[in-house]
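1. Dropping the sequence and predicted coords here.
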Amino acid sequence: MEQLRTIGRELAMGSQGGWGQSKEFLDLVKSIGEARSKAEEDRIISRELEYLKRRLADPDVPRRKMKELLLRLVYAEMLGHDASFGHIHAVKMTHDESLPLKRTGYLAVALFLDERHDLVILVVNTIQKDLRSDNYLVVCAALTAACRLIGEEAIPAVLPQVVELLAHPKEAVRKKAVMALHRFYQRSPSSVSHLVSNFRKRLCDNDPGVMGATLCPLYDLILEDPNSYKDLVVSFVNILKQVAERRLPTSYDYHQMPAPFIQIKLLKILAVLGSGDKQASGHMYTVLGDIFRKGDTASNIGNAILYECICCISSIFPNPKMLDAAAETTSKFLKSDSHNLKYMGIDALGRLIKINPDIAEEHQLAVIDCLEDPDDTLKRKTFELLYKMTKSTNVEVIVDRMIEYMINITDHHYKTEIASRCVELAEQFAPSNQWFIQTMNKVFEHAGDLVNIRVAHNLMRLIAEGFGEEDEGADSQLRSSAVDSYLRIVGEPKLPSSFLQIICWVLGEYGTADGKYSASYIIGKLYDVAEAHPTDDTVRAYAISAILKIFAFEIALGRKIDMLPECQSLVDELSTSHSTDLQQRAYELQALLGLDKQAVETVMPSDASCEDIEIDRNLSFLNGYVQQAFENGAAPYIPESEREGAISVSSYRAQDQQETSAHVLRFEAYELPKSSLPLAVSQASISTPTTDLVPVPEPSHYKEDNQMSRSQPSGDSLSGEFGVKLRLDGVQKKWGRPTYSSSSTPSSSTSSQQATNGGSSSVVGGSTSSQARESSYGSKRQQGTEVSVEKQRLAASLFGSSAAKADRRGQAGRKTAKESPTEKVATVNATPQPAKEQVIPSAPPPDLLDLGEPVSSRPPSADPFTQLEGLLGPASASPVLPETSASSTSKTADLLSIFSDDVQTGVTSGSTEPSLGVNVVAAKKGPSLQDALQKDATARQVGVTPAGNNPILFKDLLG
């Protein structure tokens with residue numbers, strides 16, 4: 001912030017010396033500098049932005065004034081405020097012919113925009129034009145903006161011009177062209193891959209600035225493919241030698257060091273090229289020795305060059321003399337009083353010990369001293385070095401220091417890292433079993449919650465397996481020392497959960513192994529652990545499992561052990577726990593106490609935690625049981641994929657899924673239709689299984705009902721063939737899966753008709769056409785339309801009160817039908833063709849919509865007006881009952897033949913038998929066509945209008 005304010009003051013003060021800035025800018029900078037809070041500063045900037053908005057919107061602002069306004073806008077945005085309203089003015093200023101204004105515009109654009117901004121496309125053309133300018137200052141400004149604003153997509157637009165500028169007579173232009181080309185390579189390597197040779201040429205440029213700028217892209221290229229640039233090793237060494245011998249102009253010196261940044265970049269490049277290459281490294285030894293001899297440790301930049309030399313020597317092929325020189329310089333860094341130099345010395349020592357570990361021995365005391373330094377960064381760097389230089393001889397000192405540091409720090413992330421390193425070093429270089437156990441106890445005691453759980457598992461496995469040697473005595477001593485230490489620690493408060501898990505496991509496995517401690521004593525300790533952590537189910541699970549192991553081992557040895565009262569209360573408590581895991585462990589303990597010695601030895605073998613478990617995936621141990629079941633007559637198991645009717649199984653599953661989501665709106669296509677409502681459709685209208693009309697009592701809904709009925713397809717085949725979409729607006733319907741009737745007898749069919757229509761009916765069976773339709777659609781008649789209680793509830797929940805009222809009316813209608821004496825007549829007359837219906841199940845049912853013409857659909861032979869009248873209530877349908885005589889039957893059949901073409905063409909399109917709906921129409925309309933049309937006019941007043949003179953509504957509804 002102070003630097004920003006200084007820049008603002010310099011800009012403002014510079015305005016008085018010829019920049020032409022106003023006093024307002026100086027007042028702005030002064031007021032911001034004197035602001036006492038961020039809120040006050042925000043208020044000042046907000047007022048300034050409002051002023052800038054008004055001034056920038058003025059078209060008569062002078063150009064030099066516009067320059068000052070843009071500088072003030074840059075100052076506001078650098079303080080974190082939005083100045084997007086002025087971005088377009090900065091873009092416009094890049095088009096100005098005046099050099100100061102153009103450079104100001106480029107400066108503002110580079111600060112305001114990035115490569116993804118929408119306004120960048122307006123700047124690309126300006127950059128292209130300025131790259132061809134004769135004024136090299138304009139070209140430099142354009143190259144600087146190109147490095148910031150040109151993205152991957154715009155690189156091809158300016159790349160040819162940038163490549164041409166690599167040969168520009170001005171060194172500043174060549175340098176910026178190299179920098180722009182490097183930037184393009186970083187953003188899109190494939191766009192510049194064919195121009196890599198230009199960097200090699202610029203390496204030999206006469207100007208040191210161009211040569212130094214070329215080192216940056218070459219370093220990136222060498223990191224990608226070092227072998228392609230091995231031929232440049234000699235060139236890099238010669239350049240470094242010339243720089244070290246002060247052959248460059250003194251203008252490149254920094255603190256009396258010749259071109260230090262060029263030297264550092266060359267040393268980085270040589271470190272990559274000389275890695276593992278003895279021949280290439282041989283060219284570097286001389287110049288590196290010269291740099292060590294001429295190195296100046298009095299300045300920071302001189303120490304930086306020496307440090308980079310050490311890094312280079314640690315990367316290239318090793319040389320004894322170079323290693324000695326690097327070790328001597330590292331010793332100077334470590335002995336320095338500067339924390340920065342000590343940090344560099346620790347890092348350099350960590351690089352050198354990879355080549356020669358003996359180098360660290362003479363600096364071990366200096367490294368330990370760095371651990372006592374108050375600088376936390378230096379301590380962490382030192383611990384990284386100690387981790388690398390740990391051996392079996394110094395592991396105790398290093399690990400103890402690391403644990404001490406771990407206890408005192410509060411950074412959880414670094415504390416976890418230190419703990420894992422301590423565990424790793426203890427496992428690799430432990431001098432004794434006792435020291436190993438003590439060290440692990442300290443780590444888990446102070447950082448158990450931060451240690452990875454795998455570390456705890458590794459510790460338990462290590463204790464179980466031992467140190468991998470064939471010395472059982474050493475392993476037993478390790479386990480015994482672990483038990484002793486854990487019994488001393490287990491009573492301490494606030495132990496981490498992972499540490500308690502280890503303690504419980506070790507005490508359960510080896511607590512009584514050496515006979516030093518009694519089983520009751522160990523069980524009491526484990527009980528204390530479980531009681532002390534009532535909310536930690538994992539610790540309690542480990543504790544109860546450890547108690548189970550101790551009981552099992554004692555029973556296997558033939559010793560009698562009594563359950564402690566407090567332990568019994570714990571088991572009873574866990575038996576009723578909310579955790580099923582704790583319940584299972586408690587019940588397993590109770591079951592184990594009732595087993596004999598042999599069973600316990602089989603279930604819980606002693607010291608078997610490291611044995612491999614063989615899993616019988618084929619369950620061969622059940623072969624005897626399966627064979628015995630076969631002998632008793634059991635059927636063999638057949639996989640679901642091989643069973644017959646697997647499709648039915650999947651359909652049942654789909655149906656179950658449908659039932660679970662029955663109360664959710666669904667908009668996907670349905671596979672099969674559901675049966676009709678009780679009062680909605682008669683058996684005569686079964687040719688339209690996908691539509692179940694539920695009339696709306698209000699006449700105002702007539703248009704919606706009529707349109708919806710007309711939009712419905714004639715069946716599933718037309719729906720799939722022509723892609724007719726289901727529309728649900730205006731008409732209440734109930735869809736779903738059909739209910740298939742189990743019986744195929746005519747009486748069951750008739751009863752299903754009665755249940756469907758909800759009123760009394762008389763069945764007509766005398767005409768030849770009716771018999772033909774009955775033989776064709778007998779199987780379809782098997783699909784009864786009984787509506788279960790569950791489906792009624794589903795309809796009520798989906799369609800509201802209207803469906804519930806319809807269900808109640810249907811129930812009332814069914815009661816009326818049962819009480820009506822004509823139902824018996826219908827039952828008697830419903831059995832005229834028993835022989836034909838017996839043949840029906842053997843043949844597949846014909847498609848109701850297969851009429852020979854793919855577009856048109858045949859009308860059913862049922863009159864829907866009576867259906868709609870029947871839906872108004874059972875009272876309106878029950879009084880109108882026709883006489884069940886042969887004359888009325890023949891008249892009804894003749895009347896249907898007038899309205900339908902099915903009898904003439906021989907194509908069956910009606911239902912199996914004319915049922916209730918047809919008889920009601922015949923009784924009301926009579927045998928005369930004129931009377932029927934008069935009745936149709938009356939039906940229009942109810943809310944249904946048939947097309948033309950055809951009173952059959954389904955043909956009109958289905959189009």
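-> Noted; the coordinates are in hand. Numbers count the residues shown, from 1 in each chain.

2. contacts and neighbour counts: CA atoms only from here.
-> OK.

3. Now do residue 420 against residue 494, distance only.
-> Look at residue 420 and residue 494: by Cα to Cα, to the nearest Å, they are 21 Å apart.

4. Poorly predicted segments of the stretch 501-650 of the chain, please.
-> Applying pLDDT under 70 to the stretch 501-650 of the chain flags residues 607, 610, 644-650.

5. quick one on the thing from earlier: which one of residue 420 and residue 494 has more residues nearby?
-> Taking neighbours as other Cα atoms under 10 Å, residue 420 and residue 494 compare with residue 420 leading, 18 against 11.

6. Leaving out chain neighbours, which residue sits closest to that one?
-> Nearest non-adjacent residue to residue 420, counting by Cα to Cα, 6 or more residues apart in numbering: residue 451, 6.6 Å away.

7. what about the one you found, which SS state?
-> coil (DSSP: H, G, I helix; E, B strand; the rest coil).

8. Now the phi/psi pair for it, please.
-> Main-chain dihedrals, residue 451, degrees, to the nearest 10: phi -80, psi 140.

9. That one: what's it in contact with?
-> Residue 451 makes contact with 416, 419, 420, 444 under the criterion Cα atoms under 8 Å, 6 or more residues apart in numbering.

10. can you pick the most crowded of the residues you listed?
-> residue 419 (27 neighbours).

11. ok, now how distant is that residue from residue 56?
-> Counting by Cα to Cα - residue 419 and residue 56 are separated by 62 Å.

12. What of residue 130?
-> Distance, residue 130 to residue 56, using Cα to Cα: 25 Å.

13. neighbour count winner among those two?
-> residue 130 (22 against 17).

14. Now do the contacts for that one.
-> 138, 139, 142.

15. Excluding sequence neighbours, find me the nearest residue to the second one.
-> If you skip the residues right next to it in sequence, residue 139 has residue 131 as its closest partner in space, 4.9 Å away by Cα to Cα, 6+ apart.

16. Strands of the stretch 551-700 of the chain, start to end?
-> Using DSSP state E, counting those that start in this stretch, the stretch 551-700 of the chain contains no strands.

17. nope, the chain is what I meant
-> 253-254, 257-258 (DSSP state E).

18. for the last one, packing partners?
-> If I follow you right, that is strand 257-258. With contacts defined as 3 or more Cα pairs under 8 Å, 6 or more residues apart in numbering; DSSP states H and E, strand 257-258 has no helix or strand neighbours.

19. Pairing partners for it, with directions?
-> Next to strand 257-258 in the sheet, as set by DSSP bridges, lie strand 253-254 (antiparallel).

20. Give me the residues contacting the strand it pairs with.
-> 259, 260.

21. Next, work out how far apart residue 465 and residue 337 are.
-> 49 Å.

22. Those two: which is more packed in?
-> With neighbours defined as other Cα under 10 Å, residue 465 and residue 337 compare such that residue 465 has more, 16 against 10.

23. Okay, that one and residue 476: tell me how far apart.
-> Taking Cα to Cα, one finds residue 465 at 10 Å from residue 476.

24. Quick check: neighbours shared by the two?
-> Joint contacts of residue 465 and residue 476 (Cα under 8 Å, 6+ apart) do not exist.

25. where does the chain have low pLDDT?
-> 1-21, 467-470, 607, 610, 644-959.

26. ok, back up a step: which one of the contacts of residue 451 is nearest to residue 546?
-> Of all the contacts of residue 451, residue 444 has the smallest distance to residue 546: 19.8 Å, by Cα to Cα.

27. can you tell me which residues contact the closest one?
-> So residue 444 contacts 451, 496, 498, 499 (Cα under 8 Å, 6+ apart).

28. What of residue 351?
-> Residue 351 neighbours (Cα under 8 Å, 6+ apart): 311, 314.

29. Tell me how far it lies from residue 295.
-> 20 Å.

30. What of residue 582?
-> From residue 582 to residue 295 the distance is 70 Å (Cα to Cα).

31. ok, these two, which is more surrounded?
-> residue 582 (23 against 19).

32. list the contacts for that one?
-> 537, 540, 541, 574, 575.

33. among the residues you listed, which ones are buried?
-> 540, 541, 574, 575 (16 or more other Cα atoms under 10 Å).

34. Excluding chain neighbours, what is closest to the first one?
-> Distance criterion Cα to Cα, 6+ apart; nearest residue to residue 540, sequence neighbours excluded, is residue 530 at 4.9 Å.

35. related to what we said a few turns ago, would you point to the one among the strands of the chain that's packed deepest?
-> Comparing these by mean neighbour count (mean count of other Cα atoms under 10 Å), strand 257-258 ranks first with a mean of 21.

36. what residues does that strand touch?
-> Residues contacting strand 257-258 (Cα under 8 Å, 6+ apart): 243, 244, 246, 248, 250, 252, 301, 302.

37. how about 10 Å then?
-> By Cα atoms under 10 Å, 6 or more residues apart in numbering, the surrounding residues in contact with strand 257-258 are 242-252, 263, 295-296, 299, 301-302, 305.

38. returning to that earlier point: same list, the strands of the chain, but as CSV with distance to residue 185 please.
-> Output for those, formatted as CSV (distance: least, Cα to Cα, whole Å):
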stretch, distance to residue 185
strand 253-254, 30
strand 257-258, 29
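
39. Residue 365 is nearest to which of these?
-> Minimum separation from residue 365 across the strands of the chain (Cα to Cα) falls at strand 257-258, 33.1 Å.

40. before we move on, the earlier item: mind checking which of the contacts of residue 130 are buried?
-> Among the contacts of residue 130, the ones that count as buried (16+ other Cα under 10 Å) are 138, 139, 142.

41. Output these as a markdown table; include the columns distance to residue 185.
-> Formatted as a markdown table, these follow (distance: Cα to Cα, whole Å):
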| residue | distance to residue 185 |
| --- | --- |
| 138 | 23 |
| 139 | 20 |
| 142 | 18 |
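
42. From the buried ones among the contacts of residue 582, pick the one nearest residue 617.
-> For the buried ones among the contacts of residue 582, the nearest to residue 617 is residue 541 (28.2 Å; Cα to Cα).

43. any idea how far the residue nearest to residue 420 lies from residue 283?
-> Distance from residue 451 to residue 283, by Cα to Cα: 49 Å.

44. Now do the contacts for residue 623.
-> So residue 623 contacts residue 629 (Cα under 10 Å, 6+ apart).

45. Relative to residue 629, how far out is it?
-> In terms of Cα to Cα, residue 623 sits 10 Å off from residue 629.

46. what do you get for residue 336?
-> Distance, residue 336 to residue 629, by Cα to Cα: 87 Å.

47. can you check residue 355 too?
-> In terms of Cα to Cα, residue 355 sits 72 Å off from residue 629.
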